[in-house]
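J.: only geometry, no sequence info:
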């Protein structure tokens, strides 16, 4: 876990305090990142919202969004193959 860093501020990430919530929290800025099917999704807010199915946030570049979404599905496929 020491190598995982927040993409917003480079702070260290650790498990969320709420044991019922599968996520990582930045110790520096407090940004929270979900862990979906054992894969930490270190996306900043607009992309994270889209990944979780909340639509496309204002100001989000459609091409970047599609890349972020396809990366998640590709990582799921890789983890199933291992």
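T.: Thanks, I have the structure now. Bear in mind the structure is a predicted one, so any value in this text is a computation, not a measurement.
J.: all helices for this structure, in order.
T.: In chain order, the chain shows helices spanning 45-51, 62-81, with DSSP state H as the criterion.
J.: weakest of those helices by average pLDDT?
T.: Ranked by mean pLDDT, the helices of the chain bottom out at helix 62-81, with a mean of 61.
J.: apart from its chain neighbours, what residue comes closest to residue 7?
T.: Distances taken as Cβ to Cβ, 6 or more residues apart in numbering place residue 42 nearest to residue 7, at 5.3 Å, with adjacent residues excluded. C-betas here are computed from N, CA, C, even on glycine.
J.: do the same with residue 40
T.: Going by Cβ to Cβ, 6+ apart, residue 40 has residue 24 as its nearest residue, at 5.6 Å.
J.: wait, residue 40 sits on residue 33?
T.: Yes - the pair residue 40 and residue 33 qualifies as a contact (Cβ atoms under 8 Å) at a distance of 6.0 Å.
J.: look at these two and report which has more neighbours.
T.: residue 33 (21 against 16; other Cβ atoms under 10 Å).
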